[in-house]
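**Student:** all I have is the shape, not the residue letters:
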Ligand SMILES: [Zn+2]
């Protein structure tokens, strides 16, 4: 083990310095130059600082001993009976890795909250939310969306009448809006709004197909798919409102993120669920369920030439699989209606006129 260290001894009073050698005797630090020796006891050392480069500076009255060798400070502490002489900054003590680990440990709860707690709490909140609250959220969303669309009010009235005549509303009053859009699409908003793009009406050639579309979208609403999608999409923004039970601000947050929510899509399994629910609604209402697969086939045939144009297919994946699934379910409904009521037929004629 190294026993002597080259050092510089400064004198603050005389502003002088000289080269010395620092070495140890039991319990004593010996500082020696060409002419004399000084002995510093632990009690003599008024301050001991360790610099970032590992060099040590000891003060004894006007004297400052500067030892650049980083082995000096641990050696001195050992000779002084493991006395902690050197004050270390927090950073020096824990080092770079320690800092990173501390940072990670501090961030870990946040990461856990972000990844698991937020989705869990929002999913629970969706279960607690009342249909009235869903309608409020849906209304704010709808209001923020409505300004982005050109509404066809005549067709809106007609499709609304058609939908009312289907009697599939459940607890949510279905409110139809037909908008002028070149994209073949339709989507459901929490609480009962269904936005139908007029292009999808254009590809239909039978009332069962419109009934099928509305039943499918009503399925998304009644199964709360759109509400869950909104909460999932905005979970981080909504989190504090939910935690503090401040449901009043939910609608405001939803309204502010209206356009972000317009592009919400559902997973394959939710689409299949909405299809099955739609079939059940049609069967119960005495409407031929075959309109759903028929509409899907029409949509399959309308893949846009421009791949950048989003269409119904891109948000409703695996169309072939869905057609297969609904046709299989229809095959299991031998007593389902085969013709639409004269009332729906009449309303359909008005829409197509
Ligand atoms: Zn859907």
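**Tutor:** Here it is on my side, so go on. If you're wondering where the values come from, they're calculated on a predicted model, not measured in any experiment.

**Student:** didn't residue 223 look like it was pressed against residue 276?
**Tutor:** No: Residue 223 is beyond contact range of residue 276, at 9.6 Å (criterion: CB atoms under 8 Å). (C-beta placed from N, C-alpha, C; glycine too.)

**Student:** average pLDDT across the strand or helix carrying residue 145?
**Tutor:** Following DSSP states H and E, one finds residue 145 within helix 131-146. Mean pLDDT, helix 131-146: 85.

**Student:** mind listing what's buried along that helix?
**Tutor:** Buried residues in helix 131-146, counted by 16 or more other CB atoms under 10 Å: 131, 133-142, 144-145.

**Student:** centre of the chain to it, how far?
**Tutor:** From the chain centre to the centre of helix 131-146 is a distance of 21 Å (CA atoms, centre = their mean, to the nearest Å).

**Student:** which residue ranges of the stretch 1-150 of the chain form strands?
**Tutor:** 4-11, 16-25, 28-32, 37-40, 47-50, 56-60, 63-67 (DSSP state E, counting those that start in this stretch).

**Student:** so can I have CSV of the ones you listed showing distance to residue 162, mean neighbour count and mean pLDDT?
**Tutor:** Rendered in CSV, the data for those read as follows (distance: least, CB to CB, whole Å; neighbours: other CB atoms under 10 Å; pLDDT from 0 to 100):
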stretch, distance to residue 162, mean neighbour count, mean pLDDT
strand 4-11, 95, 17, 89
strand 16-25, 97, 15, 89
strand 28-32, 98, 18, 90
strand 37-40, 99, 14, 88
strand 47-50, 83, 16, 82
strand 56-60, 88, 21, 87
strand 63-67, 92, 19, 89
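
**Student:** now these in TSV, with distance to the ion?
**Tutor:** Formatted as TSV, these follow (distance: least, CB to the ion, whole Å):
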stretch	distance to the ion
strand 4-11	78
strand 16-25	81
strand 28-32	81
strand 37-40	83
strand 47-50	67
strand 56-60	72
strand 63-67	75
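
**Student:** would you format those strands as CSV with distance to residue 320 included?
**Tutor:** Converted to CSV, the strands of the stretch 1-150 of the chain look like this (distance: least, CB to CB, whole Å):
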stretch, distance to residue 320
strand 4-11, 81
strand 16-25, 84
strand 28-32, 86
strand 37-40, 88
strand 47-50, 72
strand 56-60, 76
strand 63-67, 79
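
**Student:** okay, now the unreliable bits of the stretch 51-200 of the chain?
**Tutor:** Across the stretch 51-200 of the chain, residues meeting the criterion (pLDDT under 70) sit at 87-93, 169.

**Student:** need the residues of it near the ion, please.
**Tutor:** Counting by CB under 5 Å from the ion, no residue of the stretch 51-200 of the chain lies close to the ion.

**Student:** show me the protein divided up by domain.
**Tutor:** Following automatic domain parsing, the chain resolves into domains at 4-88, 95-128, 130-352.

**Student:** ranking the ones you listed by burial, who's on top?
**Tutor:** Most buried of the domains of the chain by mean neighbour count (mean count of other CB atoms under 10 Å) is domain 130-352; its value is a mean of 18.

**Student:** chain center to it, what's the gap?
**Tutor:** On the basis of CA atoms, centre = their mean, domain 130-352 sits 25 Å off its chain's mean C-alpha point.

**Student:** ok, stretch 30-47 next?
**Tutor:** 63 Å.

**Student:** where along the stretch 251-353 of the chain do the helices fall?
**Tutor:** Ranges of helices in the stretch 251-353 of the chain, per DSSP state H, counting those that start in this stretch, are 258-262, 268-284, 291-300, 312-315, 319-331, 342-352.

**Student:** got JSON lines for these, with mean pLDDT too?
**Tutor:** Below are the helices of the stretch 251-353 of the chain laid out as JSON lines (pLDDT from 0 to 100):
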{"stretch": "helix 258-262", "mean pLDDT": "67"}
{"stretch": "helix 268-284", "mean pLDDT": "93"}
{"stretch": "helix 291-300", "mean pLDDT": "90"}
{"stretch": "helix 312-315", "mean pLDDT": "48"}
{"stretch": "helix 319-331", "mean pLDDT": "91"}
{"stretch": "helix 342-352", "mean pLDDT": "95"}
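
**Student:** distance to the ion for those - can I get that in a markdown table?
**Tutor:** Formatted as a markdown table, the helices of the stretch 251-353 of the chain follow (distance: least, CB to the ion, whole Å):
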| stretch | distance to the ion |
| --- | --- |
| helix 258-262 | 14 |
| helix 268-284 | 5 |
| helix 291-300 | 11 |
| helix 312-315 | 7 |
| helix 319-331 | 9 |
| helix 342-352 | 21 |
